[in-house]
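> below is the sequence, then the predicted model.
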Amino acid sequence: MDFGKFQYEQKKQAKQQKKQRAGLVKEIRLSMKIGAHDLEYRLKKARGFLEEGQKVKFNLMMKGRENANPKAAMQRVKDIVAEHIPEAEAEADPVRAGRSISMVVAPPKGGFKDPVPETDESGADSKDVPTDE
């Protein structure tokens with residue numbers, strides 16, 4: 001095998017490995033004063049990424065006086081993840097890096113469970129209840 005062909009094969013393998021690594025961690029940017037609808041939309045996107053098997057990095061940006069209380073920001077990130085995506089597994093506690101707090105969340109090992117259909121008090125599905133007509 002000549003050296004030129006060897007170099008070509010090495011570049012080809014490196015390019016293939018780079019493609020496989022790209023996009024494994026998706027980032028969701030938040031702020032302390034994020035609106036309810038904006039938060040809901042971003043969490044919906046994050047859940048979609050997790051269902052695809054990708055990790056999600058929640059990055060909370062602090063501005064101005066918010067930098068004075070980083071513990072509140074860390075608690076906010078923990079609460080958002082625990083409340084809205086309870087199945088997801090946090091890889092580590094939130095970490096402060098400059099003016100941002102980051103937390104990486106991995107998809108659950110068993111996958112996400114399908115939503116359970118709503119039932120009334122008797123235990124029967126609300127669709128199967130006969131009506132008096």
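Everything's here; your move. Residues are numbered from 1 along each chain as shown.

> mind checking which helix or strand E87 is in?
Using DSSP states H and E, E87 sits in no helix or strand.

> distance check, it against N59.
21 Å (CB to CB, to the nearest Å). C-beta coordinates here come from the backbone N, C-alpha and C atoms, glycine included.

> and K26, by the same measure?
On the measure of CB to CB, K26 and N59 end up 11 Å apart.

> which one of the two is surrounded by more residues?
N59 (18 against 15; other CB atoms under 10 Å).

> quick one: buried residues of the longest helix out of those in the chain?
What stands out as the longest helix in the chain, according to DSSP state H, is helix 3-21. Residues of helix 3-21 classed as buried by neighbour count (16 or more other CB atoms under 10 Å): none.

> which SSE is immediately downstream of that helix?
strand 25-31.

> helices or strands up against that next one?
helix 36-51, strand 55-61 (3 or more CB pairs under 8 Å, 6 or more residues apart in numbering; DSSP states H and E).

> list the beta-bridge partners for F58.
Beta-bridge partners of F58, counted by DSSP bridges, are I28, M103.

> state the distance from it to M74.
11 Å.

> chain center to stretch 14-34: distance?
Centre-to-centre, stretch 14-34 and its host chain are 11 Å apart (CA atoms, centre = their mean, to the nearest Å).

> put the alpha carbons of it into PDB.
Below are the C-alpha coordinates for stretch 14-34, written out as PDB (Å, rounded to 0.1, in the frame of the first residue of the first chain):
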ATOM      1  CA  ALA A  14     -11.200  10.700  11.100                       C
ATOM      2  CA  LYS A  15     -14.000  12.400   9.200                       C
ATOM      3  CA  GLN A  16     -16.400   9.500   9.900                       C
ATOM      4  CA  GLN A  17     -15.600   9.500  13.600                       C
ATOM      5  CA  LYS A  18     -16.100  13.300  13.700                       C
ATOM      6  CA  LYS A  19     -19.600  12.900  12.200                       C
ATOM      7  CA  GLN A  20     -20.500  10.300  14.800                       C
ATOM      8  CA  ARG A  21     -19.500  12.500  17.700                       C
ATOM      9  CA  ALA A  22     -21.200  15.700  16.400                       C
ATOM     10  CA  GLY A  23     -24.600  16.500  17.900                       C
ATOM     11  CA  LEU A  24     -24.500  14.200  21.000                       C
ATOM     12  CA  VAL A  25     -25.000  17.000  23.500                       C
ATOM     13  CA  LYS A  26     -27.700  19.600  22.700                       C
ATOM     14  CA  GLU A  27     -27.800  22.900  24.600                       C
ATOM     15  CA  ILE A  28     -30.900  24.700  26.000                       C
ATOM     16  CA  ARG A  29     -30.300  28.300  27.100                       C
ATOM     17  CA  LEU A  30     -32.400  29.700  29.900                       C
ATOM     18  CA  SER A  31     -32.500  32.800  32.000                       C
ATOM     19  CA  MET A  32     -33.700  33.500  35.600                       C
ATOM     20  CA  LYS A  33     -36.600  35.600  34.300                       C
ATOM     21  CA  ILE A  34     -37.800  33.300  31.500                       C
END
